[in-house]
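Novice: build me a structure from this.
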Amino acid sequence: MNVGGQELILILLIVLVLFGARKLPELARGMGQAIKEFQKAKDEFSDELHSAGRTETAKTEVRTAPATIPTVPRIDNAAGDSAVRPESNQRVEPGSAADRV
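Specialist: Take a look at the predicted model:
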């Protein structure tokens, strides 16, 4: 809702005429207290939601057991190793068969 400057002045004049100059401070004080109570209730509700979310998250974490990853034993097949490796005194050229190990 967009209330411009002229509309706001008109509304304040109507309130002044209806309630009088003596009642305006009391009305403003009451409005301030109402806004303060509303903010307090909103903050309490927000805090309660966050604490409930943290409690639910903690309960979920406690219930779930850590997943175990099965391990596969490694088999070293030295006799069947078909990779071509150069001997220590040989020089390896890039692109040669020994390079593709």
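
Novice: check contacts around residue 24.
Specialist: Shown in contact with residue 24 (CB atoms under 8 Å, 6 or more residues apart in numbering): 15-16. Glycine gets a C-beta too; all of them are placed from N, C-alpha and C.

Novice: what stretches of the protein score poorly on pLDDT?
Specialist: For the chain, applying pLDDT under 70 flags the ranges 1, 58-67, 75-86, 92-101.

Novice: pull the longest helix from it.
Specialist: Secondary structure of the chain per DSSP state H: the longest helix is helix 24-63.

Novice: now do the closest residue to residue 19 other than its chain neighbours against residue 37, distance only.
Specialist: Using CB to CB, 6 or more residues apart in numbering and skipping the chain neighbours, the partner closest in space to residue 19 is residue 27 (6.3 Å). Per CB to CB, to the nearest Å, residue 27 is found 16 Å from residue 37.

Novice: before we move on, the earlier item: the residue nearest to residue 19: how many residues sit nearby?
Specialist: Using other CB atoms under 10 Å, residue 27 has 11 other residues around it.

Novice: same check on the one 5 residues further on?
Specialist: As a burial measure, the neighbour count of residue 32 was computed by other CB under 10 Å and equals 10.

Novice: can you check residue 68 too?
Specialist: With other CB under 10 Å as criterion, residue 68 counts 6.

Novice: how near is residue 57 to residue 43?
Specialist: Per CB to CB, residue 57 is found 21 Å from residue 43.

Novice: how about residue 49?
Specialist: Distance of residue 49 to residue 43, computed by CB to CB: 11 Å.
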